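With the input below, show me the fold.
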Amino acid sequence: MQARMANMSDQELVQKFLNGEQAAIEELINRHKDKVYTYILLIVKNQQLAEDIFQDTFIKVIRSLLDGKYRENGRFVSWVIRIAHNLIIDHFRKEKQVNTFSNDDYESDIFNSKKFSGKNVEDDMIENQITTDVRMLIDELPEEQKQVILMRHYGGLSFKEIAEQTNVSINTALGRMRYALINLRKIIERKKISLTFS
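Okay, the predicted model is just below:
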């Protein structure tokens, strides 16, 4: 049963879930959980909060599917990330104190993932430092540029999807990415940071 579902498209699974097959939604969540969770974590920078928002995201996904609010107009995962993004914004509106979270939990967890387990401790430390540096650099960017980089590189969204989610034209989204990369380069030069394995 699971093996058969693994070969289905997202849209087929959505349909199966709407027809009453509970396993279909489990397959969808398992298929996209890493990308959605990583996206949330990179924005909120707090593991516990990321887990809470992740759970809320999929509760809302299930409700929205059952309420008939999902329209197949692109990828299912970009719709899920849009829901996650809106929940993050809602959370920060309530908190009214962005950027007060500790990075420690989230940094250590990202690097305990299987992806890095083939490397030795020194490689892990270098990789950890590079990712920390990149994250700090991204945080220095203007909000609009930061958003495009997070959506593109951590959320895996296309520029068309980024444009739709941020209510701008594709050209504007591309422009923001271009300026973000220019600004990152300037910040790297200014801080004399090396982002390569030595």
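
what's the burial count for Ile59?
Neighbourhood size, Ile59 [other C-beta atoms under 10 Å]: 12. Placement of C-beta: from N, CA and C, glycine included.

correction: Leu87
Number of residues near Leu87 (other C-beta under 10 Å) recorded here: 19.

Report the residue ranges of every domain in the protein.
Following automatic domain parsing, the chain resolves into domains at 1-101, 111-198.

Go through the helices and strands of the chain and name the one with the lowest mean pLDDT.
helix 104-110 (a mean of 43; mean pLDDT, DSSP states H and E).

wait, what's in contact with the residue most central in space within the chain?
Closest to where the C-alpha atoms of the chain average out (C-alpha atoms, centre = their mean) is Tyr39, at 1.6 Å. Applying C-beta atoms under 8 Å, 6 or more residues apart in numbering, we find Tyr39 in contact with Ile81, Ala84, His85, Leu150, Met151, Tyr154, Gly155.

ok, of those, which one's closest to Gln22?
The shortest gap between Gln22 and any of the contacts of Tyr39 belongs to Ala84, at 22.0 Å (C-beta to C-beta).

Would you agree the closest one is in contact with Ile40?
Yes. Counting by C-beta atoms under 8 Å, Ala84 does reach Ile40; the two are 5.3 Å apart.

Tell me the residues that contact both of the two, please.
Contacts common to Ala84 and Ile40, judged by C-beta under 8 Å, 6+ apart, are Ile53, Phe54, Thr57.
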